[in-house]
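K.L.:
Build me a model:
(one chain, ligands or ions: 1)
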Amino acid sequence: MKENNNVYNSVLQLIGSTPLIKLNKITEGFKGDFYAKVEAFNPGHSSKDRIALHIIEEAERQGILKPNDTIIETTSGNTGFSLAMVSIIKGYKCILAVSSKSSPDKIDMLKSMGAKVYVCPAHVKADDPRSYYEVAKRLHSETKGSIYINQYFNKLNIDAHYKTTGPEIWKQTEGQLTHLVACGGTGGTISGISKYLKEQNPDIKVIGVDAYGSVIKKFHETGEFDEKEIYPYRIEGLGKNLIPSSMDFDVIDKFVKVTDSDSAHTAREISQTEGLFIGYTSGAAMQALKQLNEEEEFNEGDKVVVVFPDHGSRYMSKIYNDKWMEDQGFLDKDPVISSNIEYI
Ligand code: PMP
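P.N.:
The predicted structure follows:
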């Protein structure tokens, strides 16, 4: 059967080529035009499908992976889900060490995709033997025929976005974009896209989104790793308590920090204004866009692309749950959703 009839050999052929969707209402009154790169349209519902496929296929090309070998990774959930999905199709086992901060739905999803999951405490230092980095390293050394994806220190993470997401955005905007706004976790997304875009046009401004409680912004500005910047926060997948080598600081112009509460409310606002049901870091990226607009970063005629990394279904027990929002103390503002249910 022909592929152009929307028929595919496997789900892996649907990775990438995600849509760019204009933001109309949430950006009302902003200067410029705003477009979201909606990565929830990947089959694993996040941008991490791209790196999972790219890193595994690169290992296959180098002859490192044999049938029935094991893929091991530390992950806040999305990378794990994508690795599990690619492993199923390609016939590998998948072992994942995840943070206890990950939502219960995410952990159940990993299990459903056939992965073996180890849940590790979130608030320990990276070099603690219980941290998900150390647990993954140990499992890798104990498991014969295994590869450790190590997304925070793997340049192929940047490469995946350099080869796919960057060129897609360039083509979709016909080379007209002026700004890119994207979250920084491992840094792979923003670094890979930026590297490609700045090669096409060095004037494109690239702005990273970071969390309060993360060291990334301060490190970018001062070169200093400041432990005082580190404290617990709620957003999963944004910012870090270490400096990842998969973040290329040279291709990022500046960072903006956003709060847990603002990001959660803005995520809810995106569904209510644009009909896009997206995840917590998409709310963070949109919140950064709002702050940048207030700081008059944008001008009339600018074309701004913001990356929305994943789908809202992964946060049903968190930002889309009023009880969770209340427990975090986030409902001091008017809740967008809770007033919409009537029980008869
Ligand atoms: N959003 C979510 C939901 C994520 O899981 C991640 C990855 N940790 C990011 C954003 C950040 O992307 P990157 O790792 O490419 O910087």
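K.L.:
Could I get the phi/psi values of the closest residue to the ligand within the chain?
P.N.:
Residue nearest to the ligand within the chain: residue 237 (2.6 Å; CB to the nearest ligand atom). No exception for glycine: its C-beta is placed from N, CA and C like everyone else's. Here is the backbone geometry of residue 237 (degrees, to the nearest 10): phi 90, psi 0.
K.L.:
so it touches residue 185, yeah?
P.N.:
Yes: at 4.7 Å, residue 237 counts as touching residue 185 under the criterion of CB atoms under 8 Å.
K.L.:
separation between the residue nearest the centre of the chain and residue 110?
P.N.:
The centre of the chain sits closest to residue 309, judged by CA atoms, centre = their mean, with a distance of 4.4 Å. Noted for residue 309: a distance of 17 Å to residue 110, by CB to CB, to the nearest Å.
K.L.:
now do residue 258
P.N.:
27 Å.
K.L.:
Neighbour count: these two, which is higher?
P.N.:
residue 258 (26 against 22; other CB atoms under 10 Å).
K.L.:
List the contacts of the more buried one.
P.N.:
Residues in contact with residue 258 (CB atoms under 8 Å, 6 or more residues apart in numbering) are 209-212, 235, 284, 287-288, 291.
K.L.:
mind redoing it with 7 Å?
P.N.:
By CB atoms under 7 Å, 6 or more residues apart in numbering, the residues touching residue 258 are 209, 211, 284, 287-288.
K.L.:
Need the per-residue pLDDT for it.
P.N.:
With respect to pLDDT, residue 258 scores 98.
K.L.:
beta partners of it?
P.N.:
residue 211 (DSSP bridges).
K.L.:
For the remainder of this discussion, apply numbering that starts at 14.
P.N.:
I'll keep to 14 as the first residue from here, and by that count the last item is residue 271.
K.L.:
What separation do you get for it and residue 242?
P.N.:
In terms of CB to CB, residue 271 sits 15 Å off from residue 242.
K.L.:
And for residue 323?
P.N.:
25 Å.
K.L.:
Comparing the two, which shows the higher neighbour count?
P.N.:
Neighbour comparison, residue 323 and residue 242: the larger count goes to residue 323, with 27 against 19 (by other CB under 10 Å).
K.L.:
Do I have it right that that one meets residue 90?
P.N.:
No: if you go by CB atoms under 7 Å, residue 323 and residue 90 don't touch, sitting 8.7 Å apart.
K.L.:
wait, doesn't residue 113 sit right on residue 136?
P.N.:
No: with contacts counted by CB under 7 Å, residue 113 stays clear of residue 136, the gap being 8.3 Å.
K.L.:
backbone phi and psi for the residue nearest to the centre of the chain, please?
P.N.:
The phi/psi pair for residue 322 (degrees, to the nearest 10) reads phi -70, psi -30.
K.L.:
What's the local residue count around residue 315?
P.N.:
Counted with other CB under 10 Å, residue 315 comes out at 17.
K.L.:
before we move on, what about residue 77?
P.N.:
12.
K.L.:
got it, and residue 201?
P.N.:
32.
K.L.:
And residue 188, by the same measure?
P.N.:
Other residues close to residue 188 by other CB under 10 Å number 13.
K.L.:
How far away from the center of its chain is stretch 221-238?
P.N.:
In terms of CA atoms, centre = their mean, to the nearest Å, the centre of stretch 221-238 is found 17 Å from the chain centre.
K.L.:
Kindly report the same for stretch 225-245.
P.N.:
19 Å.
K.L.:
Do the lowest-mean-pLDDT helix or strand in the chain and the ligand come into contact?
P.N.:
The weakest-scoring helix or strand in the chain, judged by mean pLDDT, DSSP states H and E, is helix 117-125 (a mean of 87). No: using CB under 6 Å from any ligand atom, helix 117-125 never reaches the ligand; the gap is at least 9.3 Å.
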